[in-house]
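>>> output the structure for:
(4 chains)
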Number of protein chains: 2
Amino acid sequence: MNEQKRPRMADIAREARVNRITVSRAFSNPELVAKETLERIHAAVAKTGYIPNQIARGLKADHSNIVSLVTPAYMSGVYGQIVEQLSGLLYRSGLVVNLFPVQDVEGHLNVVLRELAGWRPAAIVLFGATLTEESQQIIRNARMPVVELLNYSESSGTSSVGYDHRLAASLLTSHLLDQGYRKICYIHSARAANIINADRLAGFTEAIRVAGGPILLRSERDQTNNQQQMAPRDHICGIELKSTTAFHAGFELMGKLANWENRPEAVLFASDMVAVGALQYCLVNGIAPGKDIGLCGFDGIELTSVMRPQLTCLDFPYQRVIAEGARQILARATDQSTSDEHIRIPVAVLHRETT
Amino acid sequence: MNEQKRPRMADIAREARVNRITVSRAFSNPELVAKETLERIHAAVAKTGYIPNQIARGLKADHSNIVSLVTPAYMSGVYGQIVEQLSGLLYRSGLVVNLFPVQDVEGHLNVVLRELAGWRPAAIVLFGATLTEESQQIIRNARMPVVELLNYSESSGTSSVGYDHRLAASLLTSHLLDQGYRKICYIHSARAANIINADRLAGFTEAIRVAGGPILLRSERDQTNNQQQMAPRDHICGIELKSTTAFHAGFELMGKLANWENRPEAVLFASDMVAVGALQYCLVNGIAPGKDIGLCGFDGIELTSVMRPQLTCLDFPYQRVIAEGARQILARATDQSTSDEHIRIPVAVLHRETT
DNA sequence: TTGTAAGCGTTATCAT
DNA sequence: ATGATAACGCTTACAA
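You can find the predicted model right below:
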């Protein structure tokens, strides 16, 4: 396979009886090349199936039209939509998006970051990754524009568009308290290699503390065959979940919560998918969400409004993240000197039927 | 911003008082470098924040450890899981995965393909893209290993691991017929720039024809504010849906189907998400799936088993796609001479409660 | 409008 | 164990 050698620019040049540089120009500045010459070149390209070597091009140019997004390996909910639309917008501006999925594994982020930076993309876009000191070093050393999306941060050296997840969690928790719920359980991922998760947890505990409530931690590492019984007064419950079974995890977890001696009055879920699973459990088992128990999602993926009763969650205008994000990326990819900008997207509680 | 120049290998060499080539070796063959020298080099790297330029490296080496996946811009259901796990497996073999999302827009695939091929990845992985003659040309000219995932194909020049979507659709349709359903409606995306969708449609019509039924086409371009009323005897209904509103689309479409004069006895959905939306409509509106109407999903995303009643769909062992896919990619990325291989993953109908 | 010369940052090959 | 030299395929700067 692949016996024949790949054609190079020199081959096109010979074929079209011009200098290599003219072929180069035909690609980058066709308006500078005579129409007839252009045609010969195009013919030669078509005939040989020439594909310009971006690597060689990049070596000289030291920039590319690729925007690299660093994302969680499993892109659930809003992530997928944001990537889809962002990619569409940037494409229209001549940029090609590529994603580097990061495993939730020690060190993977740094490996990816280093590799990616070595390819000198036009810009690096981060999706709620937790940046260790080392990660930040890498980013700084890369000396290329970095935009953080989804979480609002004021860290210098990177721009950001997103909302304050701490505040958001706090708002949702306060909402539950306002509705009269007292014993509130927070369900989040126990493996929180993600700044967003950490911020949300902080927001929850803060709101509970402000309300004078005790915070009782519990981490359930394996919710399928767990030995430990949950204690009746737990407020916070971290579950270690495979992202690919979030719905089931929510379903099963709700089963346990419902059977606690001292069942929580409301549950706040850091993941909409887990929340939907839990909602479904309630529906099947005759527990009326919004009456018998309060259920609250987070970002507000599409499903939260398709399910009946509809899940209370955040009113999060993620379209603004896309629009502002695209604008920032474009500006920074084009003009390296653009300075940092931090845009906070406002969120509110979308009070629906489950609370 | 980014004032200072990025350090290069020569800078490290000077700093560590060695030749450039020794620095190079320190990265690629550290065992050939004296321990002490290695330390000086590492110190210099740490001090300057040097990041090897993959572009320059690639120019000389003409290969990289990057595997590029060409995926739909919005990765729903199983796609996401496959990418996540595949990326994990390949990472353990020293390969870094990056995704190129393709918009469902004329020509975008070819733009992406050409760009991507120019970066000379170790392998190209295709996710159910419809390859035009031009796309195939590009792939052939790229002269690099190509693996098609998710759809079984026997096209030469690329390996493949997947199932036969035509057969699958046919199986599901036959299942519905076997259950006694006669008036069966098939709901699929009207914009089918995707070989998978085309195959599924073919499988459905084939099964209906074999059973002696008439095929009645209808394409509904805009299901939110459509002028045309659907005809009562339609068998096939293509809906043009924004991928980000699949659940709602299913919900609303089911509302229409349910109110046809001559309501279909069963509905086969090419998208699980649309199917779940439809199921939810039935639940809310007192239509009993499996009794009043047959509902059938496709791939079998997690939700199909969390919803009650559980959705009938395919029993699709996608883990095998991941395992076999990773094996093939690895073999081809490592050894360019590996020959084509076509693996057909068997599927069966998972008869559940909605049929 | 087209061409010449030089060099982008790395590694393969061959020395020492 | 380390070094010198010559590429890799393209583009920038300048020249004609």
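>>> which parts of the stretch 1-150 of chain A sit against DNA strand C?
Contact residues, the stretch 1-150 of chain A versus DNA strand C (Cβ under 7 Å from any atom of the strand): A:18-22, A:25, A:32-34, A:36-37, A:59-60, A:62. In this view, the C-beta of every residue, glycine as well, is placed from N, C-alpha and C.
>>> next one: the closest residue to DNA strand D within the stretch 201-350 of chain A from residue A:159, what distance?
Per Cβ to the nearest atom of the strand, residue A:334 is where the stretch 201-350 of chain A lies closest to DNA strand D, at 14.5 Å. Residue A:334 sits 14 Å away from residue A:159, going by Cβ to Cβ, to the nearest Å.
>>> more neighbours: which of those two?
Ranked by neighbour count (other Cβ atoms under 10 Å in any protein chain shown), residue A:334 and residue A:159 place residue A:159 first, with 26 against 15.
>>> my guess is the more buried one contacts residue A:332, does it?
Yes - because the distance of 6.8 Å satisfies Cβ atoms under 8 Å, residue A:159 is recorded as touching residue A:332.
>>> okay, and the common contacts of these two?
Common neighbours of residue A:159 and residue A:332, using Cβ atoms under 8 Å, 6 or more residues apart in numbering or on different chains, are A:145, A:147.
>>> sec struct for residue A:99, please.
Recorded secondary structure, residue A:99: strand (DSSP: H, G, I helix; E, B strand; the rest coil).
>>> can you pull the contacts of it?
With Cβ under 8 Å, 6+ apart, residue A:99 has these contacts: A:68-71, A:83, B:98-101.
>>> tell me the backbone dihedrals of the residue positioned nearest the centre of chain A, please.
Nearest to the mean C-alpha position of chain A, by Cα atoms, centre = their mean, lies residue A:127 at 4.0 Å. Main-chain dihedrals, residue A:127, degrees, to the nearest 10: phi -110, psi 90.
>>> my read is that it contacts residue A:70, right?
Yes - counting by Cβ under 8 Å, residue A:127 touches residue A:70, with 6.3 Å between them.
>>> in chain A, where is pLDDT below threshold?
For chain A, applying pLDDT under 70 flags the ranges A:1-4, A:191-193, A:216-243.
>>> now do the strands in it.
Here chain A has its strands, by DSSP state E, at A:66-72, A:96-102, A:123-127, A:146-151, A:159-163, A:184-189, A:217-220, A:236-239, A:266-269, A:294-296, A:313-315, A:342-344, A:348-350.
>>> how about residue A:199: what's its closest non-neighbour residue?
Spatial nearest neighbour of residue A:199, excluding adjacent residues (Cβ to Cβ, 6 or more residues apart in numbering or on different chains): residue A:165 at 3.8 Å.
>>> residues in contact with the one you found?
Per Cβ under 8 Å, 6+ apart, neighbours of residue A:165: A:151-152, A:196, A:199-200, A:203.
>>> okay, now the closest residue to residue A:52 other than its chain neighbours: neighbour count?
Excluding its sequence neighbours, the residue lying closest to residue A:52 (Cβ to Cβ, 6+ apart) is residue B:118, at 5.4 Å. When neighbours are counted by other Cβ under 10 Å, residue B:118 registers 18.
>>> next one: phi and psi at whatever residue of the stretch 101-250 of chain A ends up closest to DNA strand D?
Residue of the stretch 101-250 of chain A nearest DNA strand D, by Cβ to the nearest atom of the strand: residue A:120 (13.2 Å). Main-chain dihedrals, residue A:120, degrees, to the nearest 10: phi 50, psi 60.
>>> what is the burial count for it?
Residues within reach of residue A:120, counting by other Cβ under 10 Å, total 23.
>>> hmm, it is touching residue A:58, no?
Yes - using Cβ under 8 Å, residue A:120 is in contact with residue A:58, at 6.3 Å.
>>> now do the shared contacts for the two.
Shared contacts of residue A:120 and residue A:58 (Cβ under 8 Å, 6+ apart): A:64, B:55.
>>> give the bridge partners for residue A:127, please.
On the basis of DSSP bridges, residue A:127 is bridged to residue A:149.
>>> spit out the contact partners of it.
With contacts defined as Cβ under 8 Å, 6+ apart, residue A:127 is in contact with A:69-72, A:79, A:149-150.
>>> dump these to JSON lines, plus neighbour count.
Output for the contacts of residue A:127, formatted as JSON lines (neighbours: other Cβ atoms under 10 Å in any protein chain shown):
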{"residue": "A:69", "neighbour count": "29"}
{"residue": "A:70", "neighbour count": "23"}
{"residue": "A:71", "neighbour count": "23"}
{"residue": "A:72", "neighbour count": "20"}
{"residue": "A:79", "neighbour count": "22"}
{"residue": "A:149", "neighbour count": "27"}
{"residue": "A:150", "neighbour count": "26"}
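>>> for those residues, which one is nearest DNA strand D?
Set against DNA strand D, the nearest of the contacts of residue A:127 by Cβ to the nearest atom of the strand is residue A:69 (24.6 Å).
>>> could you give the bridge partners of the closest one?
Residue A:69 has these beta-bridge partners by DSSP bridges: residue A:99, residue A:125.
>>> that one: what's it in contact with?
Applying Cβ under 8 Å, 6+ apart to residue A:69 gives the contacts A:83, A:86, A:97-100, A:125-127.
>>> what does residue A:52 give?
Counting by Cβ under 8 Å, 6+ apart, residue A:52 touches A:9, A:27, B:118.
>>> closest to DNA strand C out of those residues?
Closest to DNA strand C, out of all of the contacts of residue A:52 and judged by Cβ to the nearest atom of the strand, is residue A:9, at 10.7 Å.
>>> ok, that closest one - how many residues close by?
Neighbours of residue A:9 under the rule other Cβ under 10 Å: 20.
>>> I figured residue A:270 hits residue A:190, correct?
No - using Cβ under 8 Å, residue A:270 makes no contact with residue A:190, being 10.8 Å away.
>>> which one's more surrounded, these two?
Under the criterion of other Cβ under 10 Å, the comparison of residue A:270 against residue A:190 puts residue A:270 first, with 25 against 16.
>>> look up how far residue A:252 lies from the closest residue to the more buried one other than its chain neighbours.
Among residues not flanking residue A:270 along the chain, residue A:188 sits closest, at 3.8 Å (Cβ to Cβ, 6+ apart). Counting by Cβ to Cβ, the gap from residue A:188 to residue A:252 is 16 Å.
>>> equivalent analysis for residue A:126, please.
Distance, residue A:126 to residue A:252, by Cβ to Cβ: 32 Å.
>>> mind checking which of those two has more residues around it?
residue A:126 (25 against 18).
>>> spatially nearest residue to that one (excluding sequence neighbours)?
Per Cβ to Cβ, 6+ apart, closest to residue A:126 is residue A:148, 4.7 Å.
>>> for residue A:106, grab the count of nearby residues.
With other Cβ under 10 Å as criterion, residue A:106 counts 8.
>>> ditto for the one 10 residues further on
For residue A:116, the number of neighbouring residues by other Cβ under 10 Å comes to 25.
>>> what sits against it?
Counting by Cβ under 8 Å, 6+ apart, residue A:116 has contacts A:68, A:70, A:100, A:124.
>>> re the thing from before, please name the residues that touch the residue of the stretch 101-250 of chain A closest to DNA strand D.
Applying Cβ under 8 Å, 6+ apart to residue A:120 gives the contacts A:58, A:62-64, A:144, B:53-55.
>>> is stretch A:19-38 positioned near chain B?
No - Stretch A:19-38 lies apart from chain B when judged by Cβ under 8 Å from any Cβ of the partner chain; the minimum separation is 10.8 Å.
>>> first to last residue in that stretch, what's the distance?
Counting by Cα to Cα, to the nearest Å, you get 12 Å between the two ends of stretch A:19-38.
>>> hmm, who's touching it?
Applying Cβ under 8 Å, 6+ apart, the contact partners of stretch A:19-38 are A:9-10, A:12-13, A:16, A:18, A:41-42, A:52.
>>> residue A:295 and residue A:266 touch, don't they?
Yes - assessed by Cβ under 8 Å, residue A:295 is found in contact with residue A:266 at 7.2 Å.
>>> which one of those two is surrounded by more residues?
With neighbours defined as other Cβ under 10 Å, residue A:295 and residue A:266 compare such that residue A:295 has more, 29 against 25.
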